[in-house]
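Asker: Below: sequence and its predicted model.
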Amino acid sequence: MDRLSPGAVFLRGGPFVLSAAAIVLVVLAMTVAPRLFTGRDPNAIVFLERLQPPSLAHPLGTDENGRDLWARVVYGARPTLVAAVALILLALSVGSLAGLVIGYAGRRTDEALMRVTEFFLALPQIVWALAITSVMGRGLVNCVLALSLTWWAQYARLMRAQVLVYRQREFVLASQALGQRAGWILLRHLLPNCFAPVLVKATIDVSLAILLLAALSFLGVGAQPPLPEWGAMVTIGRKYLLDYPWYATFPGLAIFLVVLAFNVLGERVRDVLDPASRLR
Amino acid sequence: MRLLLGRLPLLAVLLIAISVAVFTLTQYLPGDPAFIAAGGGDATPEMIAHARDRLGLDRPMVIRYVLYMRSALAGDFSRSMVNNKPVSEDLRKFWPASAELALAAIAISAMVGVPLGVLSAIRAGRWLDRLITPASVFLGSMPIFWLGLMTVLVFYRQLDLLPAGGRLAVGVVPPPTITGLYLVDALLVGQLAVFRDALRHLILPASILSVISLAMITRITRAAMLDILHEDYLRTARAKGLPERRVVLKHALRNASVPIVTVIGLQLGQLIGGVVITETIFSWPGLGLYAVTAVDNQDYPAIMAFTLLTTIVYVIINLAVDLLYPLLNPQTRS
């Protein structure tokens, strides 16, 4: 098996991995081209058709404004996914860069900067996201910023630990002896060697980001109506839960399926990139 | 004890940093606090100037921070902008409900997670073990607010077995406050009917909240047990004829307890975010629901007090977990 390329190993993951990959592909397609999946306008209000149960015309039923829920779930893929990926990219780039510098700085500076990082790790994420968005204003963008404020520190810690392992290796010492600049050594030599675990964490974190952003929307500080975002749809659907149960059920089911798919893929990526973790 | 003293300076620095962070947030609140304090719309320029003077708003940032901390340390978080009651009074009123919910949840996930982890470790590779990883991924992928709503649909709407929210049924008088935890207080004064009602209301929220930590506790317990099961002293224990039960529970679990207790403690901290969500789903009248309501009403003194207190609790729980190590494993005493 180790003769195969990582991609080929990945695809031999069995039916679960393949269905997960299929779900992710479908959701990506919804993000790029929602029109392929529905001909309806997600914001078209038809009062006569409000709160209809699922039917042929409306596969998932309609909401309190008579908008088609399937269309809203389809169009909801974009804000949900883009926000989650943006959050992880932001946390990953800031965190990895900080971790590189902190780990390479050595001794005193390392100590001091790690204390700063630990401070950010000590903040409970949801509580701070609530506090920050209540000051900065609601909305998906501010939620991304608020969550990245605490999230980068996790990447910084991981990256620093990697750098500490590699900074004494021969190829780093050799480039130092050659008199290469620290910035060059960091980016050209340390970054590529230290990146694998960071990448594994990032794939797993995307699903966590979707869950946290949806939770913030559910608490009312995330995506604001009429934006069709899945967490926000569950929030409104909750008001109609007992009489019109499909309303809250389907958008939540969409979150669950996508997060599940990303988690299955993330576990698979970890198995492929880091076979030792399979023994656990 | 020495360990605790060694940690204190770091804890002090961390607490100061947290208070500075919360104070900084309060400096960026929308609206002019002097205008709001002077009563808003009808305030004359003189009233606003007076309020600015009284609140010390034109003094330097450092002085304002010291003033802020002095009142916070005295337990004064100023008054709610919604009901004009002292925020500290509300916090005192709502925290026991959150404590009851969080403790019940962590108890459920420990009582289910540790045995599950032990079982799957001693039967590694068998069906239970092979089921646990997929099951934990499955449960961990559910948004808990959605899972909560779905359980309300099943257990309240369809089966009519459990209530949909709140701490007690309408008309049931809460037990006299001793600890503030309804279950404990009702037992202490012997009100069994109240106890049963409180328990019925607690089951759904506590189970939903326990989902967050259950998977983690199971996986860590399994890994910790697997690390130990092949140790020589376990073979010795078996060789001298101890029953397998005793080998696993007394010799193995005790030695695997450091990571297990650590994860349980850390999960208690992690629960804080989950408490906010769970209380919102089940209209559970605790600090989380209080905070979310405060965010809805832009009640900034309440939000900031909640943020400061929960962060401090979170940091102290994490420190307490660190301090537990040497009690469990003498090898880490140095």
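Answerer: Cool, the structure landed. All values derive from a computational prediction rather than experimental measurement.
Asker: show me what contacts the residue of the stretch 1-150 of chain A found nearest chain B?
Answerer: Scanning the stretch 1-150 of chain A for the residue nearest chain B gives A:Ile126, at 3.2 Å (criterion: CB to the nearest CB). C-beta: built from backbone N, CA, C; applies to glycine. Under the criterion of CB atoms under 8 Å, 6 or more residues apart in numbering or on different chains, the contact partners of A:Ile126 comprise A:212, A:215-216, A:219, B:272-274, B:276-277.
Asker: Show me which residues of whichever strand or helix holds it are buried.
Answerer: With elements taken from DSSP states H and E, the one containing A:Ile126 is helix A:125-136. Within helix A:125-136, the residues that qualify as buried are A:125-136, counting by 16 or more other CB atoms under 10 Å in any protein chain shown.
Asker: what is the mean pLDDT for that helix?
Answerer: In this model, helix A:125-136 carries a mean pLDDT of 91.
Asker: any idea which helix or strand comes after that helix?
Answerer: Per DSSP H and E, the first helix or strand lying C-terminal to helix A:125-136 is helix A:140-166.
Asker: just checking, what packs against that following helix?
Answerer: The elements that helix A:140-166 packs onto, with contact taken as 3 or more CB pairs under 8 Å, 6 or more residues apart in numbering or on different chains; DSSP states H and E, are helix A:69-105, helix A:107-121, helix A:125-136, helix A:191-218.
Asker: where does the stretch 201-334 of chain B dip in pLDDT?
Answerer: Flagging of the stretch 201-334 of chain B using pLDDT under 70 yields the residue ranges B:326, B:328-334.
Asker: again, 50 this time
Answerer: When the per-residue scores of the stretch 201-334 of chain B are filtered using pLDDT under 50, the ranges that remain are B:334.
Asker: and B:Ala302, what does it touch?
Answerer: B:Ala302 touches B:77, B:80-82, B:87, B:90, B:290-291, B:294, counting by CB under 8 Å, 6+ apart.
Asker: Point me to the helix or strand that includes it.
Answerer: Going by DSSP H and E, B:Ala302 is in helix B:300-328.
Asker: tell me which of the contacts of B:Ala302 is nearest to B:Ala51?
Answerer: Top of the list for closeness to B:Ala51, among the contacts of B:Ala302 and by CB to CB, is B:Met81 at 13.7 Å.
Asker: Wait, the closest one touches B:Met304, no?
Answerer: No. Under the criterion of CB atoms under 8 Å, B:Met81 makes no contact with B:Met304, lying 11.2 Å away.
Asker: which one of those two has more residues nearby?
Answerer: B:Met304 (24 against 19; other CB atoms under 10 Å in any protein chain shown).
Asker: so how far is A:Val26 from the more buried one?
Answerer: As judged by CB to CB, to the nearest Å, B:Met304 and A:Val26 stand 43 Å apart.
Asker: Equivalent analysis for B:Ile144, please.
Answerer: Distance of B:Ile144 to A:Val26, computed by CB to CB: 25 Å.
Asker: OK, contacts around residue 149?
Answerer: Going with chain A. The neighbours of A:Leu149, taking CB under 8 Å, 6+ apart as the test, are A:120, A:128, A:132.
Asker: Wait, chain B was what I had in mind.
Answerer: The neighbours of B:Leu149, taking CB under 8 Å, 6+ apart as the test, are A:234, A:238, A:241, A:248-249, A:252, B:281.
Asker: can you check A:Ala29 too?
Answerer: In this structure, A:Ala29 makes contact with A:36-37, judged by CB under 8 Å, 6+ apart.
Asker: Could you turn the buried ones of the contacts of B:Ala302 into a ChimeraX selection?
Answerer: Paste this into ChimeraX to select the buried members of those, with burial taken from 16+ other CB under 10 Å:
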select /B:77,80,81,87,90,290,291,294
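Asker: Looking at the contacts of B:Ala302, which is nearest B:Val263?
Answerer: Proximity of the contacts of B:Ala302 to B:Val263 (CB to CB) peaks at B:Ala291, which lies at 26.0 Å.
Asker: Report the secondary structure element holding that closest one.
Answerer: Under the criterion DSSP H and E, the helix or strand holding B:Ala291 is helix B:287-296.
Asker: Could you find the closest non-adjacent residue to the residue positioned nearest the centre of chain B?
Answerer: For chain B, the residue nearest the mean C-alpha position is B:Ile272 (3.6 Å; CA atoms, centre = their mean). For B:Ile272, ignoring the flanking residues on the chain, the nearest one in space by CB to CB, 6 or more residues apart in numbering or on different chains is A:Pro124 at 4.8 Å.
Asker: that older thread, quick check: the two most widely separated of the contacts of B:Leu149?
Answerer: Distances among the contacts of B:Leu149 were taken as CB to CB; the most separated pair is A:Thr249 and B:Ile281, at 14.2 Å.
Asker: And the helices in the stretch 101-250 of chain B, which stretches?
Answerer: The residue ranges that make up the helices of the stretch 101-250 of chain B, judged by DSSP state H, counting those that start in this stretch, are B:127-140, B:144-151, B:182-188, B:192-228, B:232-239, B:244-246.
Asker: how about the ones you listed, which one is nearest B:Arg7?
Answerer: Using CB to CB as the measure, helix B:192-228 is the one of the helices of the stretch 101-250 of chain B that comes nearest B:Arg7, at 23.2 Å.
Asker: quick one: that closest one to chain centroid distance?
Answerer: Relative to the mean C-alpha coordinate of its chain, helix B:192-228 is positioned 13 Å out (CA atoms, centre = their mean, to the nearest Å).
Asker: Mind checking if that helix is in reach of chain A?
Answerer: Yes. Contact of helix B:192-228 with chain A is found when judged by CB under 8 Å from any CB of the partner chain, involving B:223, B:226.
Asker: Give me the helices and strands touching that helix, please.
Answerer: helix B:87-122, helix B:127-140, helix B:144-151, helix B:182-188, helix B:257-281.
Asker: Could you list the low-pLDDT ranges of chain A?
Answerer: The model of chain A has pLDDT under 50 over residues A:1-2, A:279-280.
Asker: what residue is smack in the middle of it?
Answerer: So for chain A, CA atoms, centre = their mean, it's A:Val206, sitting 2.3 Å from the centre.
Asker: need the contact list for it.
Answerer: Applying CB under 8 Å, 6+ apart, we find A:Val206 in contact with A:84-85, A:88, A:262, A:266.
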